[in-house]
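**Q** With the sequence up front, the predicted model follows.
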Amino acid sequence: MKAATTARRPTGYQRRNFSLRPDTARLLDRLPPEVNRSGLVDTAIQRLVKDRGRAQLRKLIAEEAADNAARDLRLAEEWFAVDAEGWPSNDHEQNPRVAVTSISWPSTQPSAPRFRRRGPPS
């Protein structure tokens with residue numbers, strides 16, 4: 001039978017044995033006893049893996065952009081004229097003398113109902 005003084009680990013944690021460099025071990029030893037060392041190591045490993053994943057993703061995106069730069073530029077040049085023709089222009093763009101004199105904002109007063117109910121009045 002095991003001794004009753006054995007500390008119980010939170011569920012979901014697994015014990016692992018690993019070696020640390022002496023200076024890293026000294027850093028862990030300097031932490032106050034209230035610090036959850038297992039949680040600290042877990043957080044550090046999670047952050048390291050996450051950051052390396054992001055760095056790898058950034059690298060792949062940069063490579064993709066460099067590889068497809070000529071294609072993207074060609075497509076942008078092909079569609080520029082179509083895009084410019086397709087947008088309606090405002091009067092002030094066609095005639096620079098026409099100036100915008102005021103901006104009309106929606107009224108703050110309640111408006112009439114937009115839809116009528118069908119059926120007998122209530």
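**A** Nice, I can see it.

**Q** could you point out which element follows the longest helix belonging to the chain?
**A** Taking DSSP state H as the criterion, the chain has its longest helix at helix 37-67. For helix 37-67, the succeeding helix or strand toward the C-terminus, using DSSP states H and E, is helix 69-86.

**Q** Going by neighbour count, which residues of that next one are buried?
**A** Across helix 69-86, burial judged by 16 or more other C-beta atoms under 10 Å covers no residue at all. All C-beta spots, glycine's among them, are computed from the backbone N, C-alpha and C.

**Q** average pLDDT for it?
**A** The average pLDDT within helix 69-86 is 83.

**Q** May I have stretch 16-24 exported as PDB, CA atoms only?
**A** Below are the C-alpha coordinates for stretch 16-24, written out as PDB (Å, rounded to 0.1, in the frame of the first residue of the first chain):
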ATOM      1  CA  ARG A  16       8.100  12.900 -17.600                       C
ATOM      2  CA  ASN A  17      11.800  12.700 -16.700                       C
ATOM      3  CA  PHE A  18      14.100  15.000 -18.700                       C
ATOM      4  CA  SER A  19      17.500  16.500 -18.300                       C
ATOM      5  CA  LEU A  20      18.200  20.200 -18.100                       C
ATOM      6  CA  ARG A  21      21.400  22.200 -18.500                       C
ATOM      7  CA  PRO A  22      22.800  23.300 -15.100                       C
ATOM      8  CA  ASP A  23      22.000  27.000 -15.600                       C
ATOM      9  CA  THR A  24      18.400  26.200 -16.400                       C
END
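
**Q** residues in contact with that stretch?
**A** residue 28 (C-beta atoms under 8 Å, 6 or more residues apart in numbering).

**Q** Might you list the low-confidence residue ranges for this structure?
**A** Within the chain, the stretches with pLDDT under 70 are 1-11, 86-122.

**Q** just the angle between the longest helix of the chain and helix 69-86, please?
**A** Interaxial angle, helix 37-67 versus helix 69-86 (axes from the mean of the first three to the mean of the last three C-alpha atoms, to 10 degrees): 70 degrees.

**Q** Which other helices and strands does helix 37-67 contact?
**A** Judged by 3 or more C-beta pairs under 8 Å, 6 or more residues apart in numbering; DSSP states H and E, helix 37-67 is in contact with no other helix or strand.
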